[in-house]
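Colleague: model the structure of this input:
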Amino acid sequence: MAGLAVTTSDWKVVLVRHGEATSTIENPERPLTIDGRRHAEQVASWLEMQDIDLDAIVHSGKLRARQTAKIFGNRLGVPPSRVYETAGLDPNDDPQPMADRLESERSSVMVVGHLPNLNRLASTLLVGGAASLQFRFIDAGAVILAQGRGGWQVEAVVGHDLI
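Modeller: Reported below is the predicted structural model:
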């Protein structure tokens with residue numbers, strides 16, 4: 001997988017599902033498991049090899065998303081002040097406000113969140129409808145979108161199981 005070429009565009013959106021989390025029975029706050037941390041490190045390392053340059057990383061604020069965002073930020077050299085919580089990324093939030101924000105900001109951003117919101121956000125960006133497309137977002141998996149001629153394009157879909 002390391003040989004996969006990620007095409008170049010002016011700006012990208014990297015959608016990342018949080019890493020594997022403990023059950024609510026183990027810990028109601030649901031921190032990342034050891035495997036969840038390892039998988040996030042693997043995918044972050046792959047992104048680093050692709051020279052993904054990010055302006056910011058936003059996350060839902062839930063502990064598992066915050067921990068995942070921090071792992072990616074550390075690996076990709078995003079300053080801690082540019083890794084922050086934002087509204088609109090909880091599992092059942094409407095994806096349209098975040099899609100509008102990503103369109104208007106025109107900067108490279110990683111969005112760390114949850115299902116089904118990430119699938120709906122990807123679909124909204126790519127085809128304009130929240131229920132049209134489904135991606136295989138495994139724990140710590142990433143979908144890289146780039147703004148190109150005619151709209152958004154999928155550049156890569158990667159998970160720790162593919163690296």
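Colleague: so Asn119 sits against Phe137, correct?
Modeller: Yes: judged on C-beta atoms under 8 Å, Asn119 makes contact with Phe137 at a distance of 6.6 Å. (C-beta placed from N, C-alpha, C; glycine too.)
Colleague: what about stretch 23-37, start to end distance?
Modeller: From its first residue to its last, stretch 23-37 covers 15 Å (C-alpha to C-alpha, to the nearest Å).
Colleague: contacting residues for the residue of the chain positioned farthest from its centre?
Modeller: Among the C-alpha atoms of the chain, the one farthest from their average position, using C-alpha atoms, centre = their mean, is that of Ile25, at 26.1 Å. By C-beta atoms under 8 Å, 6 or more residues apart in numbering, no residues touch Ile25.
Colleague: any idea which element it lies in?
Modeller: Per DSSP states H and E, Ile25 falls between elements, in no helix or strand.
Colleague: just Gly73 next, same as before
Modeller: With DSSP H and E as the criterion, Gly73 is inside helix 63-76.
Colleague: can you measure across stretch 147-161, start residue to end residue?
Modeller: The stretch stretch 147-161 measures 27 Å between its terminal residues, going by C-alpha to C-alpha.
Colleague: in that stretch, which residues are buried?
Modeller: Gln147, Trp152, Glu155, Ala156, Val157, Val158, Gly159, His160 (16 or more other C-beta atoms under 10 Å).
Colleague: same question for stretch 101-119.
Modeller: Applying 16+ other C-beta under 10 Å to stretch 101-119 flags Leu102, Ser108, Val109, Met110, Val111, Val112, Gly113, His114, Pro116, Asn117, Leu118, Asn119 as buried.
Colleague: widest-spaced pair of those residues?
Modeller: The largest distance within these, taken as C-beta to C-beta, falls between Ser108 and Pro116 and amounts to 24.2 Å.
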